[in-house]
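Novice: Predicted model, plus sequence, below.
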Amino acid sequence: RHAMARETEMFFGNIIHEDRSVRDFLDADYTFVNERLARHYGMNGVKGDRFRRVSLSTDDPRRGLLGKASLLLVTSVTNRTSPVARGKWVLENLLGTAPPLPPPNVPALDSEAQGGKEPATVREKMELHRTNPVCASCHKIMDPIGFSLENFDLVGRWRTVDGKAAIDASGVLVDGTKLNGPDTLRAALLSRFDVFARTLSEKLLTYGTGRALRPDDMPAVRAIAHNAAADDYKFSSLILGIVGSEPFQMRRKAAGTQTGDN
């Protein structure tokens with residue numbers, strides 16, 4: 001668990017200190033591991049407790065944040081993966097889109113299918129859950145994203161089966177984009193990189209100002225991301241855009257505050 005967290009900390013720190021493009025968050029061709037984490041990932045040739053940078057091939061599922069065990073672990077539940085939690089995390093943190101709130105009295109994920117046969121995989125349980133039209137309306141947005149990450153188990157190990165059944169990582173996004181595994185999800189996110197850049201700008205500006213953003217802050221967010229494009233979205237270009245923005249430089253007057261000399 002500590003090695004997983006350390007990998008993500010070093011990954012984020014490297015983007016900052018080397019002033020790399022924030023595209024690395026989605027598709028970096030490197031990560032940081034020690035022997036224990038490398039063994040967990042199925043990587044060879046890494047010995048000892050010291051973390052070191054390792055290169056990743058173009059088809060390596062560990063590229064970017066989507067392959068980090070820390071992320072995959074915190075978006076799982078006690079004894080299984082959670083396509084809903086993983087889909088929700090991607091929507092909120094990478095695409096800046098909050099999924100619909102669940103309706104009241106939503107039934108729990110059922111472990112028994114009709115006819116008494118227990119579903120064999122998480123996907124089968126989700127499919128059963130989605131037979132309820134009330135549940136399906138929300139799940140159709142999140143589940144395809146989460147299903148594309150099902151090759152990662154609840155602690156981020158790569159797998160090809162769930163129990164005895166083969167993993168089905170296919171799905172279709174609401175815009176019709178077909179997914180089948182983390183590489184296709186990564187490609188879909190990269191095709192919407194402008195959305196990711198605005199989402200990251202919004203989150204950094206929220207952190208920088210120490211407050212929730214308002215609708216009238218959004219032009220500044222869009223300008224920060226747009227201007228960063230000219231510098232290949234280097235991390236520093238986002239930071240400079242933030243510190244030069246009006247929301248960062250101008251403090252809002254609290255409601256009811258009186259103007260004048262007092």
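Specialist: Done, it's in.

Novice: check contacts around residue 55.
Specialist: The contact partners of residue 55, taken as C-beta atoms under 8 Å, 6 or more residues apart in numbering, are 29-30. Glycine gets a C-beta too; all of them are placed from N, C-alpha and C.

Novice: Could you pull out the buried residues of stretch 197-208?
Specialist: Of the residues in stretch 197-208, 197-202, 204-206 count as buried by neighbour count, 16 or more other C-beta atoms under 10 Å.

Novice: and that stretch, how far out from the chain's middle?
Specialist: 15 Å (C-alpha atoms, centre = their mean, to the nearest Å).

Novice: can you check stretch 235-251 too?
Specialist: The answer for stretch 235-251 is 24 Å, by C-alpha atoms, centre = their mean.

Novice: Stretch 1-11 too?
Specialist: Distance of stretch 1-11 from its chain centroid, counting by C-alpha atoms, centre = their mean, is 16 Å.

Novice: show me where pLDDT drops low in the stretch 101-250 of the chain?
Specialist: Residue ranges of the stretch 101-250 of the chain with pLDDT under 70: 102-120, 126, 128-138.

Novice: where along it do the strands fall?
Specialist: 161-162, 165-166, 170-172, 178-180 (DSSP state E, counting those that start in this stretch).

Novice: Among those, which comes closest to residue 122?
Specialist: Of all these, strand 161-162 sits nearest to residue 122, with 6.2 Å by C-beta to C-beta.

Novice: ok, and what's touching the closest one?
Specialist: 120-123, 150, 167.

Novice: Need phi/psi at residue 151.
Specialist: phi -70, psi -20 (degrees, to the nearest 10).

Novice: for residue 4, what are its contacts?
Specialist: Contacts of residue 4 by C-beta under 8 Å, 6+ apart are 37, 68-70, 73, 156.

Novice: ugh, typo on my part, it should be residue 186
Specialist: Residues near residue 186 by C-beta under 8 Å, 6+ apart: 26-27, 63-64, 66.
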